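Chemist: Compute the structure for the input listed below.
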Amino acid sequence: MIRFAWMILPSVLLSFCALPSQAADPKPIVVEITPKAIESPVLKYRFLPREDELKAGNAVPILLRLPWEQQNWIQKVYPNLHKWDEVPLTDPKWKDFSDLPERFFEDMKRAAYRRDAQWEYPIGEVPAMFILLPDLQGLRTYLGYGLSAKAKYHLSKGQIDETIDVIKVGLTNGRHIASTPFVINQLVAAAIERTMLDRAVDLIGHPKSPNLYWALSSIPKSILSIDRTADLEGNMLAMTFPFLNDLERPRTDEEWKKVLDQQLNYLESSVGLIVPKGEANKKKAFAGAEKVARRDLPALLGISPEKVKKMTTEEALIRWFAVNHARLDSRFSAYVGLPAREALPQLIKLNQDSYEFYNNFNGKFYDFFKNPLFNYMTLHSIYRKIQTIRIVEAVRHYAAGHEGKFPEKLDDITDLPIPLDCFTDKPFVWEVEGNMATLTAPELPEEVMASLKEQKKDSLIDLLTATYQLKLRAAK
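Modeler: Got it, this is the predicted structure:
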């Protein structure tokens, strides 16, 4: 479960985790490719720095200092960086591109080559609701859109090495952001890394592009910190509200009321519960939940119905909320790091239980925050994207050794490992017709697609079902 909107306003939070908006039937990603064999040594090109290239030091101060050193840029250029994503590589506007100052990029590169990224968030030292993350919005923009534009600029001029360098800086700094195990950090890092991988696809489509199969294959699963996030997530509610660790301590009615007010603030900020101000509206928001709480508490706590009847509204709600929310959190924590084959059936049920739980409250929610299946699929989609691009490069390698022809089937590529889809453990679908080929990811389980469609997650569905249409140039 994601509950980090107390760190920043929910509307802003959604903006830097949102996937690109696409049409109901997304167009295939068309890439014209040139046959190109893998060069030796196979890791001549890399998308992450080598271990011996890293310098001792902390990347974070460099990244956080950037906007303060470029105030004029932040005010005038920064708000419009996203517009460059829509400009085609053939557009003459790239000739005069100067929206990412070279000094700015050099500092991003310095940060990328630092060994550590210590953000010093006070995890475990203060209640989690007081941990603010205003820095993520800026990082999402100038690392994502800024570096994306710079990569396109260099590619428009045929500067291959410079393009690879920019992609490397973006992917590496994305990994720095993911070093903090909040879920929101992982989502922002994944968004930056997806953008850099989009530029890698553009690069592969350039006639002079080297074969980047092994550069992509060497990107580790640790580029996101999903395992550490899972470990932190299960204890987040208690970190937010330390009083939940001693619920058995006797409290006065006034103390329970104070706790409930804190809980309402939590719901407003973390899952977007919108309740009009006023005591009457607050009671209305909790009316349905109180009824369910009093019904379920005897079984939840192993106590008699008579004892529940003696509880005030506030005490009953707090006890019921704490137990249920902790159970939902611990389940997401247990599932998020599992391979998809094991995780997806559990997450579908968790999604249902999450919606049922939150719908006990009378109010409007941002359902992004109560959707564990969406969060899992969003995080893990980056690995499917890497797998897809690796296959494209394996095809380029094959074509270079077979008179510029596509393989009839992916099994014809015998000298390189062809990955199975990370969500289904099935082969990618490969179809050839003349000098055109189509590469499609296997269909997701019906229940997963049904759940995403029911929740209107069209942009994620488009991302997960993207089709690549490949056209071969003549080999030179």
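
Chemist: Name the nearest residue to I192, ignoring sequence neighbours.
Modeler: Taking Cβ to Cβ, 6 or more residues apart in numbering as the measure, I192 lies nearest to G174, with 4.0 Å between them; neighbours along the chain are not counted. For glycine as for every other residue, the C-beta is placed from the backbone atoms N, C-alpha and C.

Chemist: which element is the one you found on?
Modeler: Applying DSSP states H and E as the criterion places G174 in helix 160-177.

Chemist: Next secondary structure after that helix?
Modeler: helix 183-204.

Chemist: and that next one, what other elements does it pack with?
Modeler: Using 3 or more Cβ pairs under 8 Å, 6 or more residues apart in numbering; DSSP states H and E as the contact criterion, the secondary-structure elements in contact with helix 183-204 are helix 10-17, strand 29-33, helix 135-139, helix 146-156, helix 160-177, helix 226-233, helix 372-400.

Chemist: Can you give the distance of that helix from its chain's centre?
Modeler: A distance of 9 Å separates the C-alpha centroid of helix 183-204 from that of its chain, computed with Cα atoms, centre = their mean, to the nearest Å.

Chemist: how big is the angle separating that helix from strand 29-33?
Modeler: 40 degrees (axes from the mean of the first three to the mean of the last three Cα atoms, to 10 degrees).

Chemist: The helix or strand that comes right after helix 183-204 - contacts with which helices or strands?
Modeler: Beyond helix 183-204 in the direction of the C-terminus, DSSP H and E gives the next helix or strand as helix 213-217. Helix 213-217 is packed against helix 372-400, with contacts defined by 3+ Cβ pairs under 8 Å, 6+ apart.

Chemist: Buried residues in the helix it packs on, which are they?
Modeler: Buried residues in helix 372-400, counted by 16 or more other Cβ atoms under 10 Å: 372-400.

Chemist: before we move on, what about stretch 445-455?
Modeler: In terms of neighbour count (16+ other Cβ under 10 Å), stretch 445-455 has its buried residues at P445, V448, S451, L452, Q455.

Chemist: Might you report the residue contacts of the second one?
Modeler: Just to be clear, that refers to V448. L344, I348, L373, M377 (Cβ atoms under 8 Å, 6 or more residues apart in numbering).

Chemist: I'd like the mean pLDDT over the helix or strand hosting it, please.
Modeler: Secondary structure assigned from DSSP H and E places V448 in helix 446-454. Averaged across helix 446-454, the pLDDT comes to 86.

Chemist: got TSV for the contacts of V448, with pLDDT too?
Modeler: Written out in TSV, the entries for those read as follows (pLDDT from 0 to 100):
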residue	pLDDT
L344	95
I348	92
L373	90
M377	92
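
Chemist: For these, name the two members farthest from one another.
Modeler: Every pair in the contacts of V448 was compared (Cβ to Cβ); the two farthest apart turn out to be I348 and M377, at 11.0 Å.

Chemist: Residues contacting the helix or strand that contains R295, please?
Modeler: Using DSSP H and E, R295 falls within helix 279-301. Around helix 279-301, the neighbours that count as contacts under Cβ under 8 Å, 6+ apart are 260, 264, 273, 275, 303-305, 307-309, 311, 313, 316-317, 319-321, 323-324, 360-363.

Chemist: Can you measure across stretch 82-90, start residue to end residue?
Modeler: The first and last residues of stretch 82-90 sit 18 Å apart, counting by Cα to Cα, to the nearest Å.

Chemist: Can you point out the buried residues in it?
Modeler: In terms of neighbour count (16+ other Cβ under 10 Å), stretch 82-90 has its buried residues at W84, V87.

Chemist: Just the residues contacting that stretch, thanks.
Modeler: Residues beyond stretch 82-90 that count as contacts (Cβ under 8 Å, 6+ apart) turn out to be 93-94, 97, 99, 141, 145, 148-149, 152, 155-156, 195, 202.

Chemist: Quick check: which ranges of the stretch 51-200 of the chain have low pLDDT?
Modeler: Along the stretch 51-200 of the chain, segments meeting pLDDT under 70 span 127-130.

Chemist: CA atoms only: put stretch 141-154 into CSV for me.
Modeler: These are the backbone C-alpha positions of stretch 141-154, laid out as CSV (Å, rounded to 0.1, in the frame of the first residue of the first chain):
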residue,chain,number,x,y,z
THR,A,141,11.7,16.8,-14.2
TYR,A,142,15.4,17.7,-14.8
LEU,A,143,16.7,14.2,-14.6
GLY,A,144,13.8,12.7,-16.7
TYR,A,145,12.7,15.4,-19.2
GLY,A,146,16.0,17.3,-19.1
LEU,A,147,18.2,14.4,-19.9
SER,A,148,15.7,13.0,-22.3
ALA,A,149,15.9,16.2,-24.3
LYS,A,150,19.6,16.3,-24.2
ALA,A,151,19.8,12.7,-25.5
LYS,A,152,17.5,13.5,-28.4
TYR,A,153,19.6,16.6,-29.2
HIS,A,154,22.8,14.6,-29.5
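
Chemist: Name the residues that touch that stretch?
Modeler: In this structure, residues lying in contact with stretch 141-154 by Cβ under 8 Å, 6+ apart are 16, 63, 66-67, 78, 81-82, 84-85, 87, 89, 94, 97, 99-100, 104-105, 108, 162-163, 166-167, 169-170, 173-174, 177, 191-192, 195-196, 198-199, 202-203.

Chemist: export the contacts of V448 to a markdown table and tack on distance to A287?
Modeler: Rendered in a markdown table, the data for those read as follows (distance: Cβ to Cβ, whole Å):
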| residue | distance to A287 |
| --- | --- |
| L344 | 35 |
| I348 | 30 |
| L373 | 29 |
| M377 | 34 |
